[in-house]
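Visitor: Pasting the sequence and the predicted coordinates here, then a few questions.
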Amino acid sequence: MMLRYALRTVRARKAGFLGAFVALMCAAALITACGTLLDTGLRGTISTERYAAAPVVVSGDQYVHRTTVKHKKGKTKVKHKAKPIAERAWIPGELRGRLARLPGVARVVPELTFIAQPLTPAGTGGRTAYGHAWDSAALTPYRLTGGTAPKAAGDVVVDSDLAARARLRPGDRLTVQSTQAPRDYRITGVATPATTVRHQTSLFFTAAEARRLAAHPGQVSAFGVLPAKGADPERVRQAAVRALHGTTAQVSTGDARGPVEFLDAAVARTRLVSMGGAMGGTSLLVAVLVVVGTFALTVQQRRRELAVLRAIAATSGQIRRLLGREALIVGAAAGTTGALLGLPLGGWLYSRFVALGAVPDTLQHTVGVFPPFAALAATLLGAWAAARIASRRVAMIRPAEALAETAAEGRRPAWGRIAAGLLLLAGGTVLVVVLTSLRTEPASTPVTFLAVVVLSTSVALLGPLLVRAAALLLAGPLRLTGHGGRLATANLRGNAARMASVVTPLTLLIGMTCTVLFVQTTLGAAARTQAREGVTADWVVAAQGPGVPGEAAQRLRAQHDTVTEVVRTTIRVGLDKYPAQGVTPAGLTRNWNPDVTAGSLARLAPGTVAVSALAADQHHLKPGSTLKLTLGDGTPATFTVAAVYARGLGFGDLTFAHDLVAGHVDNPLASSVLVSTTRTQTQLATTLREFPGLKVLSPNDADHLQAARQQTNAEVNYLAMGLVLAFTAIAVVNTLAMSVAERVREFALLRLAGATRRQVLRLLRTEVLSVLLLATSLGSGIALAVLSAFSLGMTGHAAPTVTPLLYAALVGVAGLLALVAAAVPGRAALRVRAVTVATAKE
């Protein structure tokens, strides 16, 4: 009976439920889109290309492992955690003999993979270029379709895709920038893969030249194990696992070969899980907040109808069940529609992440049934809970008071709501205080957005009180605007709950958008300031390609310049990840000043390390302390702390000697070279004319280049939260439209009392601007508190970097949205004859 009545109510009041439907549909679409990213990170496949003809691949372990054993109440609990390393893990070449002796193995092919960038006008078509030994061409397999295999150190075979794009053929010369100085090679052949290779360009050298360029003597990237005819690859894999027990090598077959080949895709899985989880969690919190407000407005619009039901003996439980079932009906329709819309939205979001370089396209987008079903379940639960929360007050009205309650909003304070609002305000304050002590971006970013949502939720609960307080403050200025201002003040006081439902999404929109925009500018500006103050060199040499070769730095040193090569990597201390760099110790202090607070950079050597104040605090380090860590390629090492410096945000948290880091990274070329010299920029450029792609920049120009790179990284974060902000903006429009649409009778009475349409619209604009002023103040205050705490934790100073023009544009867009969302339904309401409306409502 109750379900049938709920269906009839929804059918009869389609327009009234439209706002709730839109809010729930957008929420479901957003949760589905974020869920597909999370699903891709968990289950997305990475198909192999390079190892297509090798059923079994042996490679290095790309993870750092930690096992902890806890004894509690007589029980032993073992936990194993693993985190990916940043560089390729190499394995001993001597393992080849052990693998070759296994039963069922026909051939073991060693693989060398290293950077090899062809310097052609056509480039590589967006593909990453790698060099290999020609002996390993059988792993794909590549077959010659023209020319011959490389025989001398100056020979190279190029793949057919590069040959077609750059119009290369056997006999042509090709300059290749690899791990050493650029070198001209003679193209002896063109090779075509037997399978599709879409994500990489391959250049093949002789075995001796490949070993020289790989720069890992006695080690290989991987082994491709080719089983004998008729042998079972799974049995070969099991035999290989047993034979390699006790080594750092791992054995992969099937889809597990892809992550061995595409290390960036394997790392992107972790990033997508983190990003999808953060976006999904924030989306869910925002959705709950918005949907509760929307349903509260819907229930408020039906006070007269619900009061009549109470007056004719409907119990409070029946009212709540009715509203709950109506919400489930609307939630089912909106959730299904939104989940279906969220699938292409998730695909678009994935494609944008690929275009920005945050996710490689080698990680295939995965669409399963879990995200849409999870979104539908979350939508149904959110709709039901929102309806129950919104109906609590109206359902508790006594039948004798029911019709009287419809005349105006209840004046009695909702003490439970106020208590919950104060509790959330206290919780948000605690989060802000906690944020001041968080000094790493991965730890502080989730807390930052959670604090904004929690504080915005407290605004939603305390909204009526805030609106009445704002009405008192604005009463004087509004009175100066005439009769419309007086009416606006009366509406703010008398309909505080309705106005509060509009304030909440506006506050969330402004607070969240300010936080998303200015978290990046705050962090980026602090890092750039430290880097700018710390680079004391006269010039900076940068590269358009993979990096600056060591031979270029040697050429500068030959001219008596003080040269500091900088090569970057990421290391792990335990399971904690830190950005690190290797710098040339000789003459370092002339080019580089990280603001040493303890120890001395003069002691920087292959066995020592300089650490930032952050790393020193986290691991209780000081000069002379011992630090155990894992280098980028998974090599464990122990260092003595030589110095502690303050500018870790601009220079990374750990600094080693250049040669040590260069031997443990995939790309040993310097990301930049700092030069102190009396020579001019033109003279330096002349010295480096034999090295294509190098630029000599002033420190100021290098700073601008770094700013451009930071902007590219920031775009990823803007995109990640952009959908949440778009949903919030839709909620602003939706809520305002619902709020204005219910006031048809009020506008009609004003018209009958002699007000013109222009006066009514002016009244509406005054109210919206008053609400906008309150929401802007609250949203900006929340963002300022959160950003100041973030800045204090990350930089040591409560000085967030805010772009005034961008902030003004944000407030302007929010105001425009609010005014348009109010004006359109307002004008529609005023088109109906006032007498008709008043008569119909009686």
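Guide: Cool, got the structure. Keep in mind it's a predicted model, so treat the numbers as computed, not measured.
Visitor: Now do the same contact list for residue 226.
Guide: Residues near residue 226 by C-beta atoms under 8 Å, 6 or more residues apart in numbering: 53, 54, 55, 105, 106, 107, 108, 109, 138. Yep, even glycine has a C-beta here, placed from its N, CA and C like the rest.
Visitor: scratch that, residue 618 is what I was asking about
Guide: Contacts for residue 618 (C-beta under 8 Å, 6+ apart) come out as residue 576.
Visitor: Where does it sit: helix, strand or coil?
Guide: helix (DSSP: H, G, I helix; E, B strand; the rest coil).
Visitor: Would you agree residue 797 is in contact with residue 791?
Guide: Yes - counting by C-beta atoms under 8 Å, residue 791 is a contact partner of residue 797 at 6.3 Å.
Visitor: what's near enough to touch residue 818?
Guide: Remark: with contacts taken as C-beta under 8 Å, 6+ apart, residue 818 is in contact with 502, 506, 732, 736, 768, 771, 772.
Visitor: Same question for residue 815.
Guide: 769, 772.
Visitor: and if you look at residue 634?
Guide: So residue 634 contacts 60, 61, 62, 63, 64, 85, 87, 89, 248 (C-beta under 8 Å, 6+ apart).
Visitor: Apply 7 Å and report the result again.
Guide: Contact analysis of residue 634 by C-beta atoms under 7 Å, 6 or more residues apart in numbering lists 60, 61, 64, 85, 89.
Visitor: mind checking the SS state of it?
Guide: Secondary structure assignment for residue 634 (three-state DSSP): coil.
Visitor: Start the count at 52 instead of 1 going forward.
Guide: I'll keep to 52 as the first residue from here, and by that count the last item is residue 685.
Visitor: What values do phi and psi take at it?
Guide: Here is the backbone geometry of residue 685 (degrees, to the nearest 10): phi 90, psi 0.
Visitor: Would you mind measuring from it to residue 473?
Guide: Between residue 685 and residue 473 the computed distance is 51 Å (C-beta to C-beta, to the nearest Å).
Visitor: so which strand or helix has residue 157?
Guide: strand 156-162 (DSSP states H and E).
Visitor: same deal with residue 628?
Guide: strand 627-634.
Visitor: what residues does that strand touch?
Guide: 134, 615, 617-622, 643, 666, 702-709, 711-713.
Visitor: if you set the cut-off to 8 Å instead, what comes out?
Guide: The contact list for strand 627-634, computed with C-beta under 8 Å, 6+ apart, reads 134, 137, 615-623, 643, 655, 666, 669, 683, 702-713.
Visitor: what do you get for stretch 423-430?
Guide: Residues contacting stretch 423-430 (C-beta under 8 Å, 6+ apart): 75, 78-80, 82-83, 86, 335, 338, 382-383, 385-387, 389-391, 393-394.
Visitor: Now, those that are in helices?
Guide: Using DSSP state H, the members of the contacts of stretch 423-430 that fall in helices are 75, 78-80, 82-83, 86, 335, 338, 382-383, 385-387, 389-391, 393-394.
Visitor: which of the residues you listed count as buried?
Guide: Buried subset of these (neighbour count, 16 or more other C-beta atoms under 10 Å): 75, 78-80, 82-83, 86, 335, 338, 382, 385-387, 389-391, 393-394.
Visitor: Neighbours of residue 70, how many?
Guide: Look at residue 70: counted by other C-beta atoms under 10 Å, it has 24 neighbours.
Visitor: Equivalent analysis for residue 298, please.
Guide: Neighbours of residue 298 using other C-beta under 10 Å come to 14.
Visitor: again with residue 283
Guide: 11.
Visitor: residues contacting it?
Guide: Counting by C-beta under 8 Å, 6+ apart, residue 283 touches residue 155.
Visitor: distance between the helix or strand harbouring residue 494 and the chain's centre?
Guide: Secondary structure assignment for residue 494, by DSSP H and E: helix 492-530. A distance of 26 Å separates the centroid of the chain from that of helix 492-530, by C-alpha atoms, centre = their mean, to the nearest Å.
Visitor: quick one, it and strand 627-634 angle?
Guide: 100 degrees (axes from the mean of the first three to the mean of the last three C-alpha atoms, to 10 degrees).
Visitor: what about the stretch 702-851 of the chain, any weak spots by pLDDT?
Guide: 761-765, 793 (pLDDT under 70).
Visitor: and if we set it to 50?
Guide: Along the stretch 702-851 of the chain, no part satisfies pLDDT under 50.
Visitor: Same question for the stretch 402-551 of the chain.
Guide: 456-459.
Visitor: who's in contact with stretch 294-310?
Guide: With C-beta under 8 Å, 6+ apart, stretch 294-310 has contacts from 96-99, 102, 105-113, 140, 142-143, 146, 149-150, 153, 284-285, 288, 291-292, 311, 316-317, 413, 685.
Visitor: typed the wrong thing, it's stretch 768-779
Guide: 77-78, 81, 84-85, 326, 329-330, 333-334, 337-338, 341, 396, 400, 403-404, 407, 500, 556, 559-560, 563-564, 567-568, 570-571.
Visitor: just the buried members of those?
Guide: Here, 16+ other C-beta under 10 Å leaves 77-78, 81, 84-85, 326, 329-330, 333-334, 337-338, 341, 396, 400, 403-404, 500, 556, 559-560, 563-564, 567-568, 570-571 buried among the contacts of stretch 768-779.
Visitor: shouldn't residue 679 be in contact with residue 686?
Guide: No - between residue 679 and residue 686 there is no contact under C-beta under 8 Å: 11.9 Å.
Visitor: okay, these two: which has more neighbours?
Guide: Set side by side, residue 679 and residue 686 show more neighbours around residue 686, with 16 against 11, by other C-beta under 10 Å.
Visitor: so how far is residue 142 from that one?
Guide: Applying C-beta to C-beta to residue 686 and residue 142 gives a distance of 12 Å.
Visitor: Check residue 224 too.
Guide: 35 Å.
Visitor: neighbour count winner among the two?
Guide: Set residue 224 next to residue 142 and count neighbours by other C-beta under 10 Å: residue 142 wins out with 23 against 11.
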